[in-house]
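> The amino acid sequence is not available; the structure is as follows:
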């Protein structure tokens, strides 16, 4: 079945760049997402990329997609303490089907 | 502003009780989902619905049922709650982007 894998923890210093990596197994995935979850809150969509793209940039966020290797990454430039959260990678086949989520990467930003 | 509202943020129930978790969305979305979130396990899909009165099993439907009588409302039902159903339950709706509610943290004693 479909599977999404990501490392569980990442620690970076304030001001550095963070890179969170994700791999997925379903080659028919069309939509790939990054969600952020702050403590005690629901999930908030950060950004997404279609499978026919290889890069998307949105202010401090850069998403890179290597479709051949089924590898997705999220780079956060100039990481701030407010970026401390759990980041979830997710994929779906279409715009209406359920998303399959990774287990989440807990990002800790050290001041 | 889009909104998915889960009626209860925190619930404490006893083993064997029937539990209703309610979710309402105001975006006229056809697709609604229930996930549970557990530490180290991420989000797992319980049930989803593409339309009124339609339901589809997700990855972990055992011990749960759902109801979708109106388009905006999708209810998750635990017929007889057990301690292993202690979890954070997240409702979401989608027509393209997936929007989440704030979550319902259920503790079963």
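Here it is on my side, so go on. In this text the structure is predicted, and so the values were computed from the model without any measurement.

> Residue B:6 contacts residue B:105, correct?
No - taking contacts as Cβ atoms under 8 Å, residue B:6 lies outside contact range of residue B:105: 10.1 Å. For glycine as for every other residue, the C-beta is placed from the backbone atoms N, C-alpha and C.

> Could you name every residue contacting both of these two?
residue B:89 (Cβ atoms under 8 Å, 6 or more residues apart in numbering or on different chains).

> who has more neighbours, these two?
residue B:6 (19 against 16; other Cβ atoms under 10 Å in any protein chain shown).

> What is the least confident helix or strand in chain B?
In chain B, the helix or strand scored least confidently by mean pLDDT, DSSP states H and E is strand B:97-100, which has a mean of 89.

> How about that strand and chain A, any contact?
Yes - judged by Cβ under 8 Å from any Cβ of the partner chain, strand B:97-100 comes into contact with chain A at B:97-100.

> what does chain B have sitting close to chain A?
Within reach of chain A by Cβ under 8 Å from any Cβ, chain B has these residues: B:4, B:30-31, B:33, B:35, B:40-43, B:45, B:48, B:50, B:58, B:90, B:92, B:94-103.

> Please pick the buried ones from those residues.
The neighbour count (16 or more other Cβ atoms under 10 Å in any protein chain shown) marks B:4, B:31, B:33, B:35, B:42-43, B:45, B:48, B:58, B:90, B:92, B:94, B:98-101, B:103 as buried among the residues of chain B next to chain A.

> which bits of chain A sit near chain B?
Counting by Cβ under 8 Å from any Cβ, chain A comes close to chain B at A:8, A:33, A:41-45, A:48, A:88, A:90, A:95-96, A:98-104.

> Just those: which are in strands?
Taking DSSP state E as the definition of strands, the residues of chain A next to chain B contribute A:33, A:43-45, A:48, A:88, A:90, A:100-101.

> most surrounded residue in the residues you listed?
Going by other Cβ under 10 Å, residue A:43 tops those with 29 neighbours.

> what pLDDT does that residue get?
Looking at residue A:43, its pLDDT is 91.

> which SS state does residue B:47 fall under?
strand (DSSP: H, G, I helix; E, B strand; the rest coil).
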